[in-house]
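Peer 1: let's see this in three dimensions:
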Amino acid sequence: MNVGEAVKARILELCSEYNLSINKLCSISGVTQSTVNNIVSGRNNSATVSTIKKLCDGLGITIEEFFHSELFRDLEQEVK
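Peer 2: Modelled structure (predicted):
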C-alpha cells in the first residue's frame, strides 16, 4: 500500500467510524466534494497536508490521530 491508498482508506474508515457520508464530511470540513471524491476514487494519490488538516478539523481530531493507524505502518517506499 502506498501513502495515497492509505489516506484514502483512512478517510473511508473515519467516515464509517463517525457514521458520515463523504458529502457530510465535505460540509463539516470545508473541503470541496470534488477534492474528496478524487482522493477516495484514487484519481488523486497525493492529498495535501492542508486538505488532511481540514478534514481532521471537521472530524474534531488531530493530524496525529489521523495518521495513528495500522494503515500507515508498513507503507511501500515512494522513491524507487
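Peer 1: CA atoms for contacts and neighbours, from now on please.
Peer 2: Will do.
Peer 1: find the centremost residue of the protein, please.
Peer 2: residue 11 (3.7 Å; CA atoms, centre = their mean).
Peer 1: identify the residues contacting that one.
Peer 2: For residue 11, the contact set (CA atoms under 8 Å, 6 or more residues apart in numbering) comprises residue 40.
Peer 1: may I ask which helix or strand encompasses it?
Peer 2: Using DSSP states H and E, residue 11 sits in helix 3-17.
Peer 1: beyond that helix, next helix or strand please.
Peer 2: According to DSSP H and E, the helix or strand after helix 3-17 is helix 22-29.
Peer 1: could you point out which element follows that following helix?
Peer 2: helix 33-41.
Peer 1: any idea which helix or strand comes after that next one?
Peer 2: helix 49-59.
Peer 1: ok, and what's touching stretch 14-27?
Peer 2: 32, 33, 36, 37, 55, 58, 59.
Peer 1: who wins on neighbours among the residues you listed?
Peer 2: Highest neighbour count within those, by other CA atoms under 10 Å: residue 55, with 24 neighbours.
Peer 1: so who does the closest residue in space to that one that isn't next to it in sequence touch?
Peer 2: The shortest distance from residue 55 to any non-neighbouring residue, by CA to CA, 6 or more residues apart in numbering, is to residue 29 (5.1 Å). Each residue near residue 29 by CA under 8 Å, 6+ apart is listed here: 54, 55, 56, 57, 58, 59.
Peer 1: which one of these is nearest residue 45?
Peer 2: residue 55 (15.9 Å; CA to CA).
Peer 1: test my guess that that closest one contacts residue 33.
Peer 2: No. Applying CA atoms under 8 Å as the test, residue 55 and residue 33 come out as separate, 11.6 Å apart.
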